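Trainee: Below is the structure, and that's it, no one-letter string:
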C-alpha cells in the first residue's frame, strides 16, 4: 500500500496567528533559537497499490482544489512517502 | 537563515475527523484513487544562522512539549529544510 504526502503552508504574505502564538510561547519555555514559526498542514493519503505518476497527478489536483485554499495557502510539496511513518528522521528534506 | 521542518500527525489509533471528512469528499470530486486520509500539522521554524545539531535537538524538544500533544499525536519528523519552500517537489521523502 502506497502513501502520498502533501504539505500545505500559509502564503508568506498571509498573517499566521497560530505560528505567531507558537513563536511567542517558545522563548517562555526556554527555546531561544527560533525567530519565526509558520504552521501549515500535512496530509497523508493512502493508495491501494503503487504510487504511480497518475496517482501523484491526481493527488496534486486534489491538493490544489480540496486540500488548500489557493487564496491564502501554497501547496509546497506532493510526494510519495517512503517506508514507515518516521521516514524522515533527522535528515534533510529530499 | 536556516529552517527546521517539524511534522506532527495524529496517532494511528486516534480518530481523525478532518481526515475522514477529506476521504469522504475526494471521490465526490472525482479523485478515486485514495482509500484513507490523515491530516496533521507541519511547522516551519526559522533559525538565525545555521541549523546546528544543538538547534535540531532544541527543535525536537519543542516538538515533543509544545507543538504536539503526546497523548494523541506523534512527532513523525524533525529535520533541516533544504533550499526554498518548494524543496520537496515530486520526489520521494528523504
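Mentor: That came in fine, so what should we check first? Computed from a predicted structure; not experimentally measured.

Trainee: all contacts plus neighbour counts: C-alpha atoms, from now on.
Mentor: Fine.

Trainee: Which helix runs longest in chain A?
Mentor: Ranked by residue count, the top helix of chain A under DSSP state H comes out as helix A:17-28.

Trainee: which stretches of chain A form helices?
Mentor: Under the criterion DSSP H, chain A contains helices at A:17-28, A:53-62.

Trainee: which of the ones you listed sits most buried?
Mentor: Neighbour counts (mean count of other Cα atoms under 10 Å in any protein chain shown) averaged over each of those peak at helix A:53-62, with a mean of 17.

Trainee: Just want the angle from it to helix B:17-28.
Mentor: Angle of helix A:53-62 versus helix B:17-28, following axes from the mean of the first three to the mean of the last three Cα atoms, to 10 degrees, is 110 degrees.

Trainee: List of residues touching helix A:53-62?
Mentor: A:4, A:6, A:78-80, B:26, B:31, B:33 (Cα atoms under 8 Å, 6 or more residues apart in numbering or on different chains).

Trainee: neighbours around residue A:48, how many?
Mentor: When neighbours are counted by other Cα atoms under 10 Å in any protein chain shown, residue A:48 registers 12.

Trainee: and the residue lying closest to it once chain neighbours are set aside, how many neighbours?
Mentor: Nearest residue to residue A:48, sequence neighbours excluded (Cα to Cα, 6 or more residues apart in numbering or on different chains): residue A:1, at 5.3 Å. Residue A:1 sits with 9 neighbouring residues when counted by other Cα under 10 Å.

Trainee: just the strands in chain A please.
Mentor: Assigned strands in chain A, in chain order: A:2-10, A:34-47, A:73-80 (criterion: DSSP state E).

Trainee: can you tell if the first one touches chain B?
Mentor: Yes - interface with chain B: strand A:2-10 contributes A:7-9 (Cα under 8 Å from any Cα of the partner chain).
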